[in-house]
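# output the structure for:
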Amino acid sequence: MSAFILAIDQGTTSSRAILFDEEGSILAQQAAEFPQHFPADGWVEHDPEDIWQTTLDVTAAMVAEAHTRGSLPIAIGITNQRETAIIWDRATGKPIHNAIVWQDRRTADTCQALKAAGPEPEITAKTGLLLDPHFSATKIVWLMDNVEGAKQAAAAGRLAFGTIDTFLLWRLTGGRVHATDATNASRTLLYDITKGRWDEGLLGALRVPAALLPEVRDSAADFGVTDKDILGAAIPVLGIAGDQQAATI
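Numbering: from 1, shown residues only. This next block holds a predicted model:
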C-alpha cells in the first residue's frame, strides 16, 4: 500500500494542499484564493474564516484524492505565511478580529515609540530582529488595545494568539492543540532564539499577555491528530514550518 503525505501551503493570497507519494513526487494539488481587505492606508487584513474555509476545502479534496488511490495520508505538514496575527476565543474558536497580515503597517507609530523608550537593543539581542510592524508582537498589542474587552479576556486566559499555522492547527485538531514551531515563534519579537523559549522580559516590554501564547515545538514534532469530524479521519500533523512564498493558482 502506498504512503501519502499531505502538505498544507497557506499563503497570503491563496491556500493550497498538495499530495505527495513516498518518493516526494507530487500526485495532486488544489488551490483556492481568498479576498484581501484594506480598511485603511497601509492596513492589510484577512478574514480568518476565509483562510480556514479555503484551507479546509483544499485539504479535504486531497484527503479524498488519497482515498481514491487506496490509502489515507500518513501525515500532514503545514507551511504558512508568517507574522500574520490572529487572536481567538478559546471556548468558541471565533476570532475577535480579522487577521492582521504581515504586510500591515498600522503599528509603525507604536514601534517608533518603543524605539524611543529603549528596548530595541534587548529585542535584537534575543530575537535577531529589529522593531518593525512586520512582526507579530505589535499586532497583538494593537488588538489588545482596540478590541473591546480583549485585555480582560486575555488576562483571564480566555483568548489564544497564533500565527496562521497555530490557528489552522487549533481548528484541524478540534481545539485540542495550541502550538506553533520555532520558525514561526522566532518572527514574533517575543521568542528568545538562543534559549528557545518565550521571553518574559520581551513580553513585559511589548505588553503581550503570556496567557495568549502557544506552546513552541520543533518543526518536525508531533502536533496531534486531526479531528475525525473535520477531515473524516485522525491524521497525524507531524510538521510545521514558515515561511511560505508560493501559494498561488
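
# use CA for all of it now, contacts and neighbours both
Will do.

# centre-most residue in this protein?
Geometric centre of the chain, nearest residue: residue 164, 2.0 Å, by C-alpha atoms, centre = their mean.

# so what touches the strand or helix carrying residue 55?
Per DSSP states H and E, residue 55 falls inside helix 48-68. Applying C-alpha atoms under 8 Å, 6 or more residues apart in numbering, the contact partners of helix 48-68 are 4, 6, 8, 10, 14-19, 28-35, 72-73, 86, 95, 98-99, 168, 171, 231.

# what is the one helix or strand residue 113 maps to packed up against?
According to DSSP H and E, residue 113 maps onto helix 108-117. If you count contacts as 3 or more C-alpha pairs under 8 Å, 6 or more residues apart in numbering; DSSP states H and E, helix 108-117 packs onto no helix or strand.

# need phi/psi at the closest residue to residue 115 other than its chain neighbours.
Counting by C-alpha to C-alpha, 6 or more residues apart in numbering, residue 115 lies nearest to residue 131, which is 7.2 Å off, once chain neighbours are set aside. Backbone geometry at residue 131, expressed as degrees, to the nearest 10, gives phi -70, psi 120.

# do residue 167 as well
Torsion angles, degrees, to the nearest 10, at residue 167: phi -60, psi -50.

# for it, give me its contacts.
By C-alpha under 8 Å, 6+ apart, the residues touching residue 167 are residue 86.

# now swap in residue 84 and tell me
Per C-alpha under 8 Å, 6+ apart, neighbours of residue 84: 99-102, 135-136, 163-164.

# put the buried members of those residues into a PyMOL selection.
For the buried members of those, the matching PyMOL selection, counting by 16 or more other C-alpha atoms under 10 Å, is:
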select buried, resi 99+100+101+102+135+136+163+164
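
# hang on, the earlier thing: tell me the buried residues within the contacts of helix 48-68.
Those of these that meet the buried threshold are 4, 6, 8, 10, 14-19, 29-34, 72-73, 86, 95, 98-99, 168, 171, 231, by 16+ other C-alpha under 10 Å.

# going along the chain, name the helices of this structure.
Secondary structure of the chain (DSSP state H): helices at 48-68, 108-117, 120-127, 136-146, 150-155, 164-172, 182-185, 200-206, 228-231.

# now those as TSV including mean pLDDT and distance to residue 217?
Formatted as TSV, those follow (pLDDT from 0 to 100; distance: least, C-alpha to C-alpha, whole Å):
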stretch	mean pLDDT	distance to residue 217
helix 48-68	95	22
helix 108-117	90	28
helix 120-127	92	17
helix 136-146	96	18
helix 150-155	94	22
helix 164-172	97	11
helix 182-185	95	6
helix 200-206	93	18
helix 228-231	94	23
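
# and these: which comes nearest residue 81?
With C-alpha to C-alpha as the criterion, residue 81 lies closest to helix 164-172 of those, at 6.8 Å.

# would you mind getting the angle between the closest one and helix 48-68?
Computed with axes from the mean of the first three to the mean of the last three C-alpha atoms, to 10 degrees, the direction of helix 164-172 lies at 70 degrees from that of helix 48-68.

# can you give me the offset of helix 164-172 from its chain's centre?
Mean C-alpha position of helix 164-172 versus that of the full chain (C-alpha atoms, centre = their mean, to the nearest Å) differs by 6 Å.
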